[in-house]
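Trainee: next one to model:
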Amino acid sequence: MATQTQSRSERSEGMQRSQSQRGGGQAENAMQPFDDLYQYFQEYAKERPDVVALWCFGIGFVLGWKLKPW
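Mentor: Numbering: from 1, shown residues only. Modelled structure (predicted):
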């Protein structure tokens, strides 16, 4: 029980830190879906560059195949 309470408090502290890094003001709390998505993709690419590279290769292959000029 004590560890659950401690982990909850650590999570709430982490959320407060992330909000303070963004600015934490009311104007900064407005929804910014593009910025959030961009930040998520950057973090994901840093964690799993091999997966991102394979997706880029696959998308490029399909686009090149479907958009060839002849």
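Trainee: residue 30 is in what secondary structure piece?
Mentor: Per DSSP states H and E, residue 30 falls between elements, in no helix or strand.
Trainee: that one and residue 60: what is the separation?
Mentor: According to C-beta to C-beta, to the nearest Å, residue 30 stands 35 Å off from residue 60. To be clear about C-beta, it is placed using only N, CA and C from the backbone, and glycine gets the same treatment.
Trainee: the more surrounded of the two?
Mentor: Shown here are residue 30 and residue 60; by other C-beta atoms under 10 Å, residue 60 has more neighbours (10 against 7).
Trainee: is the more buried one part of a helix or strand, or is it coil?
Mentor: Remark: residue 60 carries the secondary structure label helix [criterion: DSSP: H, G, I helix; E, B strand; the rest coil].
Trainee: and it, how far from residue 34?
Mentor: Distance, residue 60 to residue 34, by C-beta to C-beta: 23 Å.
Trainee: which element follows the worst-scoring helix or strand of the chain on mean pLDDT toward the C-terminus?
Mentor: Using mean pLDDT, DSSP states H and E, the weakest-scoring helix or strand in the chain turns out to be helix 2-22, at a mean of 54. The element immediately downstream of helix 2-22 (helix or strand, assigned by DSSP H and E) is helix 33-47.
Trainee: could you say what helices and strands that next one packs with?
Mentor: Applying 3 or more C-beta pairs under 8 Å, 6 or more residues apart in numbering; DSSP states H and E, we find helix 33-47 packed against no helix or strand.
Trainee: can I get that helix in CSV, CA atoms only?
Mentor: Once non-C-alpha atoms are left out, helix 33-47 reads as follows in CSV (Å, rounded to 0.1, in the frame of the first residue of the first chain):
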residue,chain,number,x,y,z
PRO,A,33,-2.1,18.4,-30.8
PHE,A,34,0.5,19.0,-33.5
ASP,A,35,3.2,20.0,-31.0
ASP,A,36,2.3,17.0,-28.8
LEU,A,37,2.3,14.6,-31.7
TYR,A,38,5.6,15.9,-33.0
GLN,A,39,7.2,15.6,-29.6
TYR,A,40,5.9,12.1,-29.2
PHE,A,41,7.3,11.0,-32.6
GLN,A,42,10.7,12.6,-31.7
GLU,A,43,10.8,10.6,-28.4
TYR,A,44,9.7,7.4,-30.2
ALA,A,45,12.3,7.9,-32.9
LYS,A,46,15.0,8.3,-30.3
GLU,A,47,13.9,5.2,-28.5
